[in-house]
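Visitor: This is the structure alone, sequence omitted:
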DNA sequence: TTTGATTGTGAGTGATCACTACCTAAGTCG
DNA sequence: CGACTTAGGTAGTGATCACTCACAATCAAA
């Protein structure tokens, strides 16, 4: 080791790499991201990234898998003990409060959708998204119109975050955001 | 010239390159796309792409600029002679009918949002999207709730197309799509 | 203390790729 | 014809990058 940094368990390193990879992938995309940069941000050498995750694509899949899982957990926490429409409302509020400020996670989601031409990645995204929809339907008992509106609003928020217009700079964007709040 | 293909005007070649580039960028993204592949699909040599468009990023910007302009024109055609809520409805129907089947255009849009970390690209996307919102607001006279719902639905359709779940394979996706039709 | 597993790296490597420098052929007009 | 402009190509080039291989340091248990 170069300056003899502390040894960590492989599991800890994996988490660090996932954190670093989320940022890099969110900003530059699957192909634009550099494993060199990810390794540097995670504080390890670049070959070790490959030892831990196999290929760049596998790392990407691991990142979005974790991302979807955490989003599902966010929904579950928000809807805990609630049923029906108010569960949906709580989930929406939680998404606005916790997810919207986390630009990297939002952008990472967009990169995942954008990379869906690859069948392996598409499978991960489909499963992740499908789980979110299934949970929302189950806990809220709502049907197409409400569920669709819920997820449509979420996707609009993602796009707004991608464009970086959520800070009031663009009047039209502020109006779109205003329409996201429940009446 | 290799086998002496016909000479075309630069403007015609530019259109051919834009067509080819939309497909390549839509599938592989800004960084993943290869100018070699774009040139081949357009039927010219790779250096000529650079003579026509300068850099890969400039080509990407040209592609999404044209994409947004054509979407605006689609809206204008659909809303022609209409005002108020029915203009919005006609635009929505046109988007479903003409845009949804055009997978490349949808995916290209997603790639544009995903590439928004770059300031130049972000500007193009902001302007393009802002124009769409401004037109929808103006022609429909609608406010935040309706306009937001309109664009939110559009973004959900983009994501659904990205995931390739619009063909009835996934029940939850069919339910989401059902919720996109006006009640 | 030796053995074996685990954590980690330095030094490549072949491929790809955006982009350039320079050249050629085809139209066009006097 | 000759001069000029426009369309288009050939042949690189330097850089980047995903990924490999062989090796080293550290830990844990027998």
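Guide: Sure thing, it's come through. Predicted model, so just to flag it, every value in this text is computed and none were measured. Numbering: from 1, shown residues only, chains lettered A, B, ... in the order given.
Visitor: now residue A:175, nearest residue through space, not along the chain?
Guide: residue B:144 (5.1 Å; C-beta to C-beta, 6 or more residues apart in numbering or on different chains). Every residue, glycine included, has its C-beta placed from N, CA and C.
Visitor: To what extent is the one you found buried, counted in neighbours?
Guide: Applying other C-beta atoms under 10 Å in any protein chain shown, we find 17 residues neighbouring residue B:144.
Visitor: all helices of chain A, in order?
Guide: Ranges of helices in chain A, per DSSP state H, are A:10-32, A:35-42, A:46-53, A:56-78, A:85-94, A:103-114, A:119-140, A:144-163, A:171-178.
Visitor: Out of those helices, which one sits most buried?
Guide: Among these, the stretch with the highest mean neighbour count (mean count of other C-beta atoms under 10 Å in any protein chain shown) is helix A:103-114, at a mean of 24.
Visitor: from the chain's centre, how far out does that one sit?
Guide: Here the centre of helix A:103-114 is set off from its chain's centre by 6 Å, with C-alpha atoms, centre = their mean, to the nearest Å.
Visitor: Run the angle between that helix and helix A:144-163 for me.
Guide: Note on geometry: by axes from the mean of the first three to the mean of the last three C-alpha atoms, to 10 degrees, helix A:103-114 and helix A:144-163 are set 110 degrees apart in direction.
Visitor: Contacts for helix A:103-114, please.
Guide: Contacts with helix A:103-114, where a contact means C-beta atoms under 8 Å, 6 or more residues apart in numbering or on different chains, come from A:22-23, A:25-27, A:29-30, A:63-64, A:67, A:70-71, A:99-100, A:121, A:124-125, A:157-159, A:161-162, B:29, B:107, B:110-111, B:113-114, B:117, B:158-159, B:162-163.
Visitor: Tell me the residues of chain A that contact DNA strand D?
Guide: Contact residues (C-beta under 7 Å from any atom of the strand) of chain A with DNA strand D: A:1, A:4, A:7, A:33-36, A:46-47, A:50, A:55-57.
Visitor: Of the residues you listed, which pair is most distant in space?
Guide: Spanning the widest gap among the residues of chain A next to DNA strand D are A:4 and A:57, at 32.3 Å by C-beta to C-beta.
Visitor: For residue A:9, which residues are in contact?
Guide: Shown in contact with residue A:9 (C-beta under 8 Å, 6+ apart): no residues.
Visitor: Check the contact between residue A:144 and residue B:178; I expect there is one.
Guide: Yes. The pair residue A:144 and residue B:178 qualifies as a contact (C-beta atoms under 8 Å) at a distance of 4.5 Å.
Visitor: Dihedrals phi and psi, residue A:169?
Guide: With angles defined as degrees, to the nearest 10, residue A:169 sits at phi -70, psi -30.
Visitor: Could you give the number of residues near it?
Guide: Neighbour count for residue A:169, taken as other C-beta under 10 Å: 10.
Visitor: What does the pLDDT read for it?
Guide: Looking at residue A:169, its pLDDT is 88.
Visitor: try residue A:183
Guide: At residue A:183, the model reports a pLDDT of 54.
Visitor: For residue A:161, which non-adjacent residue is closest in space?
Guide: Nearest non-adjacent residue to residue A:161, counting by C-beta to C-beta, 6+ apart: residue A:106, 4.0 Å away.
Visitor: What distance do you get for the one you found to DNA strand C?
Guide: The gap separating residue A:106 from DNA strand C is 26 Å, by C-beta to the nearest atom of the strand, to the nearest Å.
Visitor: again with residue A:146
Guide: 44 Å.
Visitor: is it true that that residue touches residue A:87?
Guide: No. Counting by C-beta under 8 Å, residue A:87 is not a contact partner of residue A:146; they are 11.0 Å apart.
Visitor: low pLDDT regions in chain A?
Guide: Residue ranges of chain A with pLDDT under 70: A:1-5, A:182-183.
Visitor: wait, what's in contact with residue A:147?
Guide: A:88, A:133, A:136-137, A:140, B:175-176, B:179.
Visitor: try residue A:180
Guide: By C-beta under 8 Å, 6+ apart, the contact set of residue A:180 is A:96, A:153, A:156-157, B:148, B:152.
Visitor: Turn the residues you listed into CSV, columns for distance to DNA strand C.
Guide: Formatted as CSV, these follow (distance: C-beta to the nearest atom of the strand, whole Å):
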residue, distance to DNA strand C
A:96, 37
A:153, 36
A:156, 31
A:157, 31
B:148, 37
B:152, 34
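Visitor: Tell me the one of the residues you listed nearest DNA strand D?
Guide: Among the contacts of residue A:180, residue A:157 lies closest to DNA strand D (C-beta to the nearest atom of the strand), at 29.0 Å.
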